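> Have a look at this prediction, sequence included:
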Amino acid sequence: MGQTNMKFMEMSGDYAEMGFLFWIFTQYMILWIYPSTDDAEKIFFLALLMGFEFFMLGARIMFAGAPFIAADQGINAWWIFAGCLAFFGLFAFVFVIMAGNVYLIWIYAGLVISRLFQTFQYYNAGVSSGSMEATTLMGPSALQMMLFFFIMMIVVFQHKHVPTLALTQDFLQSINYEKAVRIKGMLTEMPHVSMCFGALYYGLLFAGKFTKTIWRAFA
């Protein structure tokens, strides 16, 4: 029964994360290819989100091993869960202030929930830190961090060759994008680079999760 519950939790988490990754991938693609005149704030938000994803990945790796250590040491998982919520909640609070749009925080909340669910999906099954399941959960976190840096290096160093598509200077000026930018940097000042970064990153994550889920379902 325990194996059945763990299998169900794992598959549910995979499908939920796969759906979210596909959705956020489409958000980056839509803003890159066909943005509307009301999307200045959203473009800035998603550009800024790629910077925050770096900190989210670091936190995910740090918390990925927490449930297994708790299981080994007999620590109540709710204390660790509360610590994760407080940590991610601080990021969410700062993010709301920097983004200046509370409505768009739901996108960020989706990332937080995804990270938390992935971290704790094995805890109730009594998984120990030295088990194969622990490696299965923590391994992808490290690979995701490597993928993030790999894509970032390519996009940043080759930013002059990244196509602007719909995010031309004329379009950005027409929607007063510069007024929406409250934090300066390449990701926010060159939104087509951010949209390319986000589309590649989340698109590859979705492709990997989709392939893994389908393979596991029919294995």
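The structure has been received and is ready for your questions.
> Secondary structure element holding Thr213?
helix 191-218 (DSSP states H and E).
> Buried residues in that helix, which are they?
191-206, 208-209, 213 (16 or more other C-beta atoms under 10 Å). The C-beta positions use only the backbone N, C-alpha and C, and glycine is treated the same way.
> likewise stretch 30-39?
30-32, 35, 39.
> Tell me which residues touch Leu167, please.
Counting by C-beta atoms under 8 Å, 6 or more residues apart in numbering, Leu167 makes contact with 31-32, 35, 43, 191-192, 195.
> Distance to Ala16 for those - can I get that in JSON lines?
Putting the contacts of Leu167 into JSON lines (distance: C-beta to C-beta, whole Å) gives the following:
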{"residue": "Leu31", "distance to Ala16": "23"}
{"residue": "Trp32", "distance to Ala16": "25"}
{"residue": "Pro35", "distance to Ala16": "27"}
{"residue": "Ile43", "distance to Ala16": "26"}
{"residue": "Pro191", "distance to Ala16": "29"}
{"residue": "His192", "distance to Ala16": "30"}
{"residue": "Met195", "distance to Ala16": "24"}
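> May I have the secondary structure class of Ala166?
When classified by DSSP: H, G, I helix; E, B strand; the rest coil, Ala166 comes out as coil.
> Count the neighbours of it for me.
Using other C-beta atoms under 10 Å, Ala166 has 17 other residues around it.
> pLDDT score for it?
Reported pLDDT at Ala166 in the predicted model: 95.
> ok, now Phe44?
91.
> Just confirm Val162 contacts Gly198, I think it does.
No: in this structure, Val162 is not within contact of Gly198 by C-beta atoms under 8 Å, at 12.0 Å.
> Need the max-distance pair from the buried residues of stretch 30-39.
Trp32 and Asp39 (10.8 Å; C-beta to C-beta).
> so what secondary structure elements neighbour the helix holding Thr213?
helix 2-33, helix 40-64, helix 132-157, helix 186-189 (3 or more C-beta pairs under 8 Å, 6 or more residues apart in numbering; DSSP states H and E).
> where does the protein dip in pLDDT?
1-13, 58-78, 80-81, 85, 88, 92, 98-139, 219 (pLDDT under 70).
> hmm, try it at 50
1-2, 125, 129 (pLDDT under 50).
> In which helix or strand does Leu90 reside?
helix 77-99.
> and what of Asp170?
Here Asp170 sits within helix 169-174, counting by DSSP H and E.
> Now do that helix: which elements does it pack against?
Counting by 3+ C-beta pairs under 8 Å, 6+ apart, helix 169-174 packs on no helix or strand.
> Check which element follows it along the chain.
Following helix 169-174 toward the C-terminus (DSSP H and E): helix 177-180.
> For that following helix, which residues meet the burial criterion?
By 16+ other C-beta under 10 Å, the buried positions in helix 177-180 come out as 177, 180.
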